[in-house]
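Chemist: Sequence first, predicted model second:
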Amino acid sequence: MNCLAEPGWVVQEALAGGATMVQFREKGLGALTGVPMFELACQLQELCRHAGVPFIINDDVELALELDADGVHIGQDDESAESVRERIGNRILGVSAHTIEEARRAILQGADYLGVGPIYPTISKDDAHAVQGPAILYEMRKAGIDVPIVGIGGITVDRVEEVARAGADGVAVISAVTQTEQVRGAVKELKKNMVSFLNDPIYMFDNDSTDHPAF
Ligand SMILES: Cc1ncc(COP(=O)(O)OP(=O)(O)O)c(N)n1
Ligand SMILES: Cc1ncsc1CCOP(=O)(O)O
Ligand SMILES: [Mg+2]
């Protein structure tokens, strides 16, 4: 985790702010490995368990099974979704998708939700794909992709409404909650802005979040 503060505190504050899912993504420069990594995962899992929030593991199916985690998130360069689905049974399976084709394949192979991005430039992933903009979300919805979609990549409190309007059901963030001392407040704001457009009269009369000509 790219946390300014101690990861346990960050997760606790994020949960207090209303985070609805936590992903353990321990990779990159300076990442913990072995026992320290396992112990951190256990500590964070316990916090999520206490809060009744799903705790999912990025990339590492072995770790997810060992911890009896709630799920796994994999990308296009990780083990195939089909094989992970087989290994994790009915645990949550999230799959990264960058195109409509990848999205359709992931769903056929058992994805419960899709992670789509980077929507905006990100400082948190060196090998991220090209920035896609919110339009990709709109395009996926227009193509009939109807599983939950989580937008990811460079999403901030000020950008979350645009992401929701384009068709995302949720957002996944790293820096917006790890590079601030106001973790709880940031999560509250993200959540508030995620749903604020539901009260927008244009949206209400239109009543179809996929029908936004701006995208
Ligand atoms: C919710 C969510 N969406 C996308 C990703 C990215 O997964 P991946 O493409 O496998 O990249 P890494 O995170 O493994 O570097 C994600 N982790 N979570
Ligand atoms: C893991 C991942 N996958 C696509 S962008 C990204 C990083 C998201 O981090 P941030 O919210 O700091 O841009
Ligand atoms: Mg991955």
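Modeler: Nice, I can see it. Residues are numbered from 1 along each chain as shown. Ligands and ions are numbered 1, 2, ... in the order given.
Chemist: Please make it C-alpha for all contacts and neighbour counts, starting now.
Modeler: Will do.
Chemist: And the residue nearest the centre of the chain, how far from Gly34?
Modeler: Centroid-nearest residue in the chain: Ala172, 3.3 Å away (criterion: C-alpha atoms, centre = their mean). According to C-alpha to C-alpha, to the nearest Å, Ala172 stands 26 Å off from Gly34.
Chemist: now Gly17
Modeler: Taken as C-alpha to C-alpha, the span from Gly17 to Gly34 is 30 Å.
Chemist: Next, the buried residues of the longest helix seen in the chain.
Modeler: Ranked by number of residues, the top helix in the chain under DSSP state H is helix 34-51. For helix 34-51, the neighbour count (16 or more other C-alpha atoms under 10 Å) marks Leu40, Ala41, Leu44, Gln45, Leu47, Cys48 as buried.
Chemist: for ligand 3, what are the nearby residues on this structure?
Modeler: Contact residues (C-alpha under 5 Å from the ion) of the chain with ligand 3: Asp59, Ile74, Gly75.
Chemist: Looking at those, state which has the most neighbours.
Modeler: Ile74 (23 neighbours; other C-alpha atoms under 10 Å).
Chemist: And the strands in this protein, which stretches?
Modeler: 22-24, 55-58, 71-74, 92-96, 113-116, 149-152, 170-172 (DSSP state E).
Chemist: Pipe those strands into JSON lines and attach distance to ligand 2 and mean pLDDT per row.
Modeler: As requested, these are arranged in JSON lines below (distance: least, C-alpha to the nearest ligand atom, whole Å; pLDDT from 0 to 100):
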{"stretch": "strand 22-24", "distance to ligand 2": "10", "mean pLDDT": "98"}
{"stretch": "strand 55-58", "distance to ligand 2": "9", "mean pLDDT": "98"}
{"stretch": "strand 71-74", "distance to ligand 2": "10", "mean pLDDT": "98"}
{"stretch": "strand 92-96", "distance to ligand 2": "8", "mean pLDDT": "98"}
{"stretch": "strand 113-116", "distance to ligand 2": "7", "mean pLDDT": "98"}
{"stretch": "strand 149-152", "distance to ligand 2": "5", "mean pLDDT": "98"}
{"stretch": "strand 170-172", "distance to ligand 2": "7", "mean pLDDT": "98"}
